[in-house]
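Q: Take this sequence and fold it.
(chains A and B)
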Amino acid sequence: MRPLVETLNLSKLYDGTDALKNVNVEVNRGEVLAVVGPSGSGKTTLLRLMNLLETPSSGQILFDGRDVACSDADRLTLRRRMGMVFQQAVLFNETVCENIAYPLKIRGYLKKKSGLKVRDALKLVGLSGFEKKRATGLSGGEAQRVALAQAMISEPELLLLDEPTVNLDPRNVSIIESVISKVNRERGTTIILATHNMLQAEQLATKVAVLREGELVEIGDSKEIFRKPSDFLAMFGRVLNVFTGQSQLTEEGTAIIDIGEGFKIEALTTKTGSITVFIRPEEIIVSKTPIVSSARNMLKGKVEEILALDQTVQLKVDAARQFTVNITKKSFQEMRINLGSDIYLSFKASSVHIV
Amino acid sequence: MNIILEGLVKAFWLIVSLDREVYEIMFLSLRVSGTAVLIGALLGVPSGATVGLKEFFGKRFLMSVINTLMGLPPVVVGLLVYLLLSTSGPLGVFQLLYSPEAMIIAQLIMVIPIVMGVTISSVSSVSKAIREKALSLGATNWQMTLKVLKEAKLGILTALIVSFGAAISEVGAVMIVGGNIRWATRVLTTAIVFETELGEFGLAIALGLILLLLAFVINWVLTYLQWSGLRR
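A: The predicted structure is shown next:
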């Protein structure tokens, strides 16, 4: 089966600097590709090129096997098979209903038919009853959800999302994320999501492409890439609990890493000297008292910050260095954790990932 | 003081008694300026939108020219149109001089740069993001332009308000190309000049009041439209 979108040595120059250099990406139907990388790495440029808002300086983009460098009329036909959500929600100065119906209107749909579709689209993004509201008066999160509904109403085969949840509050973020996975699952919409939120990429994507200064440094299956993130991914990706320290080998073949103030963690590595490691928040077990377990590491710390997320509670814990851990709401309540509570963090040596 | 008072009384009387000549003059003013603004809008809005949305060589220069023409003195336009339409002029064969059509042409020449200039600035102020958004959602260039015009409608209404105000209140151009002929090409402004010279202050004041009133009513309607567009 041919890929839905494919770029061949795609490059884009802006004012003499390379925004993208020889990027080769393949996205198959039904996939969710997360394009990750720090700001300025070319994520937006890649999406804009795919949406035909820019033309490449060199290289090719194939959409469903067709070169997009074709006549204006053909480009319009291709573009009408995709939808794009921009980082900053841009809406027209009219009602929510008129905004969402616009893609249908320009495709010649009748008002009656588009009205029903608009209702469904609003329901999907959790904004039922917003039809008559003025789009310019919506909050940032609502506006972005309207923009998402607008991009999806024409049932595009490809949905391009350029950092759709940046600067939004957790509630809106989780609504948007669930809509994204829902359309992918239920309609089979192929999705390309530019993000610098690693958790989001990991949660939503089946495939990950890592961009660095316009170059594609990694592309592959999401699980593989996140299991062993490269230095670069760990550096910018706000991978939590990243520590650097001196590593010394033990007799058992593991390594002890001194992360400062006498705190040492054990890891499965043979590297010595200065190394950087990270531990995923979900691989850390939280307890109120010391526990006996197979975990080789246990640190005592104080809860410094409590942040209620959608389904979990995130704790920032001071244990020599600041650790971030996630626990479920239920265990948070059962353990009666407060600010300043002393807690123990346990994790296996194999959960200490070497960067 | 007496003259003004007498004038006001006479003006009031002429207006309420539906004096035929006064109303004839008023309607001609409305017809000439209204037609000029209408045609000006039909030509100026699309061309202004095109200039505002397209990038091309010499765009800045063209915009400076248009901005200059926005302040074109009506007498100069009158002179130009007079020369074009006079019997020996290039368009003399149409025998339009001293007709309402000549007056419309003169005011049209004044109005087009105003409509174009204001349209250019208002479509340019619609952000690039809106244009890209429309295109991204699958609009053709033409559909995108319509969308931008819709987003810029406040500015475009401003263009109409400003150009109607300029057209109905100018006297230089219509005087030269219309000739202020009674029952034929006499409009409010030329009539005011004429009656003042004759010392017929009552009539002049009446016409002046009507002119003000007309300008007010038209602006009121357009401003109302503008604000209701803003509020919605």
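Q: only C-alpha atoms for contact and neighbour calcs from this point on.
A: Noted.
Q: So which bits of chain B are right by chain A?
A: B:129-130, B:132-133, B:135-140, B:143, B:151, B:232 (CA under 8 Å from any CA of the partner chain).
Q: Reformat the residues you listed as a markdown table; add neighbour count, secondary structure and pLDDT.
A: Listed next are the residues of chain B next to chain A as a markdown table, based on neighbours: other CA atoms under 10 Å in any protein chain shown; DSSP: H, G, I helix; E, B strand; the rest coil; pLDDT from 0 to 100:
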| residue | neighbour count | secondary structure | pLDDT |
| --- | --- | --- | --- |
| B:A129 | 14 | helix | 92 |
| B:I130 | 18 | helix | 94 |
| B:E132 | 17 | helix | 95 |
| B:K133 | 23 | helix | 96 |
| B:L135 | 23 | helix | 96 |
| B:S136 | 25 | helix | 96 |
| B:L137 | 28 | coil | 96 |
| B:G138 | 27 | coil | 96 |
| B:A139 | 24 | coil | 96 |
| B:T140 | 17 | coil | 95 |
| B:Q143 | 14 | helix | 95 |
| B:E151 | 21 | helix | 92 |
| B:R232 | 11 | coil | 48 |
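Q: Report the two of these separated the most.
A: Checked with CA to CA, the residues of chain B next to chain A reach their widest spread between B:T140 and B:R232, with 26.2 Å between them.
Q: Could you dump the residues of chain B next to chain A into CSV with distance to A:L339 added?
A: Formatted as CSV, the residues of chain B next to chain A follow (distance: CA to CA, whole Å):
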residue, distance to A:L339
B:A129, 45
B:I130, 46
B:E132, 48
B:K133, 46
B:L135, 51
B:S136, 48
B:L137, 48
B:G138, 52
B:A139, 54
B:T140, 57
B:Q143, 57
B:E151, 51
B:R232, 48
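Q: remind me, longest helix of chain B?
A: In chain B, taking DSSP state H as the definition, the longest helix is helix B:20-53.
Q: Go through that one and flag the buried ones.
A: B:22-26, B:28-41, B:44-53 (16 or more other CA atoms under 10 Å in any protein chain shown).
Q: Could you pull out the helices in chain B for me?
A: Under DSSP H, chain B gives helices at B:2-16, B:20-53, B:59-70, B:74-85, B:100-125, B:128-136, B:141-151, B:153-169, B:172-178, B:188-198, B:201-231.
Q: pLDDT weak spots in the chain?
A: All of this refers to chain A. A:231, A:234-239, A:310, A:355 (pLDDT under 70).
Q: wait, chain B
A: Checking chain B against pLDDT under 70 turns up B:1, B:229-232.
Q: In it, which residue sits closest to chain A?
A: B:G138 (4.9 Å; CA to the nearest CA).
Q: if I pick that residue, what's in contact with it?
A: If a contact means CA atoms under 8 Å, 6 or more residues apart in numbering or on different chains, then B:G138 has A:76, A:79-80, A:103, A:106-107 as its contacts.
Q: Show me which residues of chain A sit near chain B.
A: A:51, A:53, A:76, A:79-80, A:83-84, A:90-94, A:102-103, A:106-107, A:134, A:151.
Q: Of the residues you listed, select the buried ones using a ChimeraX command.
A: Burial among the residues of chain A next to chain B is assessed by 16+ other CA under 10 Å; the matching ChimeraX selection reads:
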select /A:51,76,79,80,83,84,90,91,92,93,94,102,103,134,151
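Q: quick one: which of the residues of chain A next to chain B sit in helices?
A: A:76, A:79, A:102-103, A:151.
Q: Distance to A:D162 for those residues - can I get that in CSV?
A: Listed next are those as CSV, based on distance: CA to CA, whole Å:
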residue, distance to A:D162
A:L76, 20
A:R79, 16
A:Y102, 20
A:P103, 19
A:A151, 12
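Q: where along the stretch 201-350 of chain A do the helices fall?
A: A:222-227, A:231-236, A:329-334 (DSSP state H, counting those that start in this stretch).
Q: okay if I get those helices as CSV plus mean neighbour count and distance to A:K21?
A: Formatted as CSV, the helices of the stretch 201-350 of chain A follow (neighbours: other CA atoms under 10 Å in any protein chain shown; distance: least, CA to CA, whole Å):
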stretch, mean neighbour count, distance to A:K21
helix A:222-227, 16, 21
helix A:231-236, 17, 18
helix A:329-334, 13, 45
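Q: I'd like the ones you listed laid out as JSON lines, including distance to A:V166.
A: Shown next, in JSON lines, are the helices of the stretch 201-350 of chain A (distance: least, CA to CA, whole Å):
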{"stretch": "helix A:222-227", "distance to A:V166": "21"}
{"stretch": "helix A:231-236", "distance to A:V166": "16"}
{"stretch": "helix A:329-334", "distance to A:V166": "25"}
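Q: of all those, which lies closest to B:N67?
A: Per CA to CA, nearest to B:N67 of the helices of the stretch 201-350 of chain A: helix A:231-236, 50.1 Å.
Q: Reformat the helices of chain B as JSON lines; add distance to A:L211.
A: Formatted as JSON lines, the helices of chain B follow (distance: least, CA to CA, whole Å):
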{"stretch": "helix B:2-16", "distance to A:L211": "77"}
{"stretch": "helix B:20-53", "distance to A:L211": "33"}
{"stretch": "helix B:59-70", "distance to A:L211": "38"}
{"stretch": "helix B:74-85", "distance to A:L211": "61"}
{"stretch": "helix B:100-125", "distance to A:L211": "34"}
{"stretch": "helix B:128-136", "distance to A:L211": "24"}
{"stretch": "helix B:141-151", "distance to A:L211": "32"}
{"stretch": "helix B:153-169", "distance to A:L211": "42"}
{"stretch": "helix B:172-178", "distance to A:L211": "65"}
{"stretch": "helix B:188-198", "distance to A:L211": "69"}
{"stretch": "helix B:201-231", "distance to A:L211": "43"}
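Q: Please report phi then psi for A:I284.
A: With angles defined as degrees, to the nearest 10, A:I284 sits at phi -100, psi 130.
Q: what about it, distance to A:A349?
A: Distance, A:I284 to A:A349, using CA to CA, to the nearest Å: 11 Å.
Q: and if you look at A:G262?
A: 18 Å.
Q: residues touching A:N22, list them.
A: A:8-11, A:59, A:215-216.
Q: I meant B:L137, not that one.
A: So B:L137 contacts A:79-80, A:83-84, A:102-103, A:151 (CA under 8 Å, 6+ apart).
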